[in-house]
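Novice: Quick one: sequence and predicted model below, then my questions.
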Amino acid sequence: MRFEKFRKTLVAGALCATTLTGCEVSNPGPIQDEFLAEPASQQGLVNGAIRRMNELMYGTYTLALVAREVFPGGQIGAYGHDVIVQGGEMLPGSFGGYFNDAVQARFIAETAVKRFTEVGAPPEMLYQAHLWAGWAYRYLGDWWCDAVIGSTDPDDETPGMFEEGTATYYQRAVDNFTAALGLATTDAQRFAARAGRAQAHVGLGQWAEASTDAAAVTNPEWFFAMNFDGGEQATFNTLFWANADTPYRSISMHHTFFFDYYDDTGDPRAEYYTSPTTPFAVGSLSGYPGTGQVPWSNFTKYDSRDDDINMASYWEMRLIMAEAILQDSPASYADAMTLINEVHTRPGVNQPALAAGSADEAWTHLKRERYLELFLEGRRAADERRWMTDGSGGVIDTPDWSPLSPIFVPVAERDLCFDIPDSEREANPNVPTISS
C-alpha cells in the first residue's frame, strides 16, 4: 500500500503505549523526514507506530461481536455497530479505518527500522522499532482475510501485491520479532519478542517453533499490554466505554457462553453484573422476543476507559504449548491437560482441575480455556478461523443465536476476518476488485 503522505512527514509525537517503557510526550506536529533519525526524534517515531496500534484496538469491539463474545443490544448509533455486523457479517470492503491504522503502524515502524539502522541508533531504539513492526504484522495476520504485501523499504513507493491468506504477514512478524530478540537486553524484552513470535508461528501452523518460543516465557507474572489513555476518545478502551452506562449500553453478556458459565463456576475471567436500575441495553434488536429490548449485563474484565488490553501473557504461552502437543502429538493429550490445568487452577482463577479421557476432550478444554483467557482481547475470531481448517478436534462453545433474531447468520457462516477495504482496492491496481 502507498503512503506518500508519510514520505515527507510523519506525525511522530504520540502517547507512550508500551509496558516496557514509561514516558510522557507531547505531539510536536509534523517532522521532516530527514530529521526522523535524529536522537531527539527516535522515540517519537516509535510512538507514532504505537499510536496507530492503539487506535487499531477499536477493532477488538467489532471482532467481539462476530466472535459472539458479547451479545448486541441493537445500538447502531454512537458506540454501536450496524445490523450486518451485529448479525455476524462484515460488508466487503468495509472497515478501512482499521486497515489504515494497522498498515500505517507497520509502515512507521519499518521507517524507524531503516532510519535507525542508517544512523546507528542505540539497540534499544531498534529493538522497539522491530518489536512494534512485529506486532503490527501479527495483527494484520490475525484480523484480515487476505493481504496486501507492501515493500518493507519505506522509500519504495511500489503498490503492494495482493495475496490470498495472510501467511506473509505472519512471516514478517516472525522476522521482526526475531530481530527484536537479537537486540533484547532484559527478560521483559525477550519475553515480548518470544511471545509475539510464538503467536506468529501459531498463525503459520509451525507448532514446534511456537512451543519453543512459548516455553521461553518463564515468568507467570509477565504480560504485554496495549496501554490506553482515558483522556482522549481515539485512545479509549472502547469495549469498556461502549457498555459503561455513561450513557452507552450497546452490548450484553446475556446469551453468551460466559453468562451461564459464570453462573455455574464463578470463574472470575467470565464475571458479569446486572443492574436493577438499567435493565435493558440501549437500542432495539430486530426480531428479538418481546419488545426487541435486550436484557443488559456487563462484563467486569474492564472497568475504566484507560484499562489496558493484553496482547500476550505467560498464561497464553502455556496454552500455546498445550495446543502444540494436541496438534503434533495427540496421544500425549494428558501432557496438554497438565498445561491447561496450570492455567485453569492457578491462584486468582481457582477452578477445579479438568479431566479428559481422550484427545478430543482435551481439544474442547483447550478451546474453552483460550476463550476464557483471551476474552475481549481481539483473539477469538482468528482462533475460530484457523480451527475450521487445521483438523483440530473437540467442540467450540460459540452460541447459536439464530432463534433469537433473524439478523443472526448461522455460526459457521460468520465473517471472522476483515476484508481489504474499498479504499485500497480502488487505489491499488494489484488488488482485485469485488465482483457485484
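Specialist: Cool, got the structure. Residues are numbered from 1 along each chain as shown.
Novice: how about low-confidence regions in the stretch 1-150 of the chain?
Specialist: Within the stretch 1-150 of the chain, the set of residues satisfying pLDDT under 70 comprises 1-35.
Novice: Show me what counts as buried in the helix of greatest length in the chain.
Specialist: Ranked by residue count and defined by DSSP state H, the top helix of the chain is helix 96-119. Along helix 96-119, the positions that meet the burial threshold by neighbour count (16 or more other C-beta atoms under 10 Å) are 96, 98-113, 115-116. All C-beta atoms are positioned from the backbone trio N, CA, C, and that covers glycine.
Novice: How about stretch 79-95?
Specialist: Along stretch 79-95, these residues count as buried under the neighbour rule (16+ other C-beta under 10 Å): Y79, G80, H81, V85, Q86, G87, G88, E89, M90, G93, S94, F95.
Novice: just the strands in the stretch 1-150 of the chain please.
Specialist: With DSSP state E, counting those that start in this stretch as the criterion, the stretch 1-150 of the chain has strands at 9-11, 30-32, 71-72, 147-149.
Novice: what sits up against the last one?
Specialist: Contact with strand 147-149 is made by 1, 103, 140-141, 160-163, 165-169, 420, 424, 428, 430-431, as judged by C-beta atoms under 8 Å, 6 or more residues apart in numbering.
Novice: same thing but 6 Å
Specialist: Counting by C-beta atoms under 6 Å, 6 or more residues apart in numbering, the neighbours of strand 147-149 from elsewhere in the structure are M1, G160, M161, E163, T166, T168, Y169.
Novice: Distance from the next helix or strand after that strand to the middle of the chain?
Specialist: Tracing the chain C-terminally past strand 147-149 and defining elements by DSSP states H and E, one meets strand 161-163 next. Here strand 161-163 shows a centroid-to-chain-centroid distance of 22 Å under the convention C-alpha atoms, centre = their mean, to the nearest Å.
Novice: again, but for stretch 109-126
Specialist: Centroid displacement of stretch 109-126 relative to its chain, using C-alpha atoms, centre = their mean, is 26 Å.
Novice: mind listing what N310 touches?
Specialist: Under the criterion of C-beta under 6 Å, 6+ apart, the neighbours of N310 are F223, A225, E377.
Novice: ranges for the helices of the stretch 301-436 of the chain?
Specialist: Per DSSP state H, counting those that start in this stretch, the stretch 301-436 of the chain carries helices over the ranges 314-328, 333-344, 359-373, 380-387, 422-427.
Novice: To A353, which of the ones you listed lies closest?
Specialist: For A353, the closest of the helices of the stretch 301-436 of the chain is helix 333-344, at 4.9 Å, according to C-beta to C-beta.
Novice: just the CA coordinates of the closest one, formatted as PDB?
Specialist: What follows is helix 333-344, C-alpha atoms only, in PDB (Å, rounded to 0.1, in the frame of the first residue of the first chain):
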ATOM      1  CA  TYR A 333      -3.100 -35.300  25.500                       C
ATOM      2  CA  ALA A 334      -2.500 -35.800  29.200                       C
ATOM      3  CA  ASP A 335       0.600 -33.600  28.900                       C
ATOM      4  CA  ALA A 336      -1.600 -31.000  27.300                       C
ATOM      5  CA  MET A 337      -4.100 -31.200  30.100                       C
ATOM      6  CA  THR A 338      -1.400 -30.600  32.600                       C
ATOM      7  CA  LEU A 339      -0.700 -27.300  31.000                       C
ATOM      8  CA  ILE A 340      -4.300 -26.400  30.600                       C
ATOM      9  CA  ASN A 341      -4.900 -27.100  34.200                       C
ATOM     10  CA  GLU A 342      -1.900 -24.900  35.200                       C
ATOM     11  CA  VAL A 343      -3.900 -22.100  33.600                       C
ATOM     12  CA  HIS A 344      -7.300 -23.200  34.900                       C
END
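Novice: tell me the angle of that helix relative to helix 314-328?
Specialist: Here the directions of helix 333-344 and helix 314-328 differ by 160 degrees (axes from the mean of the first three to the mean of the last three C-alpha atoms, to 10 degrees).
Novice: so what does helix 333-344 touch, helix or strand wise?
Specialist: Using 3 or more C-beta pairs under 6 Å, 6 or more residues apart in numbering; DSSP states H and E, the elements in contact with helix 333-344 are helix 314-328, helix 359-373.
Novice: highest average neighbour count across those helices?
Specialist: Taking mean count of other C-beta atoms under 10 Å as the contact definition, the stretch among the helices and strands packed on helix 333-344 with the greatest mean neighbour count is helix 314-328, which reaches a mean of 23.
Novice: Make CSV from the buried residues of stretch 79-95 and add distance to R194 to it.
Specialist: Conversion of the buried residues of stretch 79-95 to CSV gives the following (distance: C-beta to C-beta, whole Å):
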residue, distance to R194
Y79, 36
G80, 38
H81, 35
V85, 34
Q86, 37
G87, 39
G88, 34
E89, 36
M90, 32
G93, 36
S94, 34
F95, 30
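Novice: Show me the residue sitting in the middle of the protein in space.
Specialist: G378 (3.6 Å; C-alpha atoms, centre = their mean).
Novice: Leaving out sequence neighbours, find the closest residue to it.
Specialist: Counting by C-beta to C-beta, 6 or more residues apart in numbering, the nearest residue to G378 once its immediate chain neighbours are dropped is T60, at 3.7 Å.
Novice: Check G205 too.
Specialist: By the measure of C-beta to C-beta, 6+ apart, the closest residue to G205 outside its immediate chain neighbours is D390, 6.6 Å from it.
Novice: next one: T168
Specialist: With C-beta to C-beta, 6+ apart as the measure, I149 is the residue that lies nearest to T168, at 5.1 Å, once sequence neighbours are left out.
Novice: Mark which of the contacts of strand 147-149 are buried, thanks.
Specialist: Among those, the ones that count as buried by 16+ other C-beta under 10 Å are M1, G160, T166, T168, Y169.
Novice: The second one against S151, yeah?
Specialist: Put plainly, it is G160. No. In terms of C-beta atoms under 6 Å, G160 does not count as a neighbour of S151; the distance is 7.5 Å.
Novice: Give me the residues contacting stretch 374-390.
Specialist: Around stretch 374-390, the neighbours that count as contacts under C-beta under 6 Å, 6+ apart are 60, 63-64, 66-67, 69, 142, 239, 301, 309-310, 370, 416.
Novice: List the residues that contact the closest residue to A133 other than its chain neighbours.
Specialist: Counting by C-beta to C-beta, 6+ apart, A109 is the residue found nearest to A133 once chain neighbours are left out, at 3.7 Å. Contact analysis of A109 by C-beta under 6 Å, 6+ apart lists A49, A129, W132, A133, A136.
Novice: For P220, see how far away A109 is.
Specialist: With distances defined as C-beta to C-beta, to the nearest Å, the gap from A109 to P220 amounts to 29 Å.
Novice: nearest spatial neighbour of D397, skipping sequence neighbours?
Specialist: Closest residue to D397 apart from its sequence neighbours, by C-beta to C-beta, 6+ apart: F257 at 4.4 Å.
Novice: Right, I'll call it a day here.
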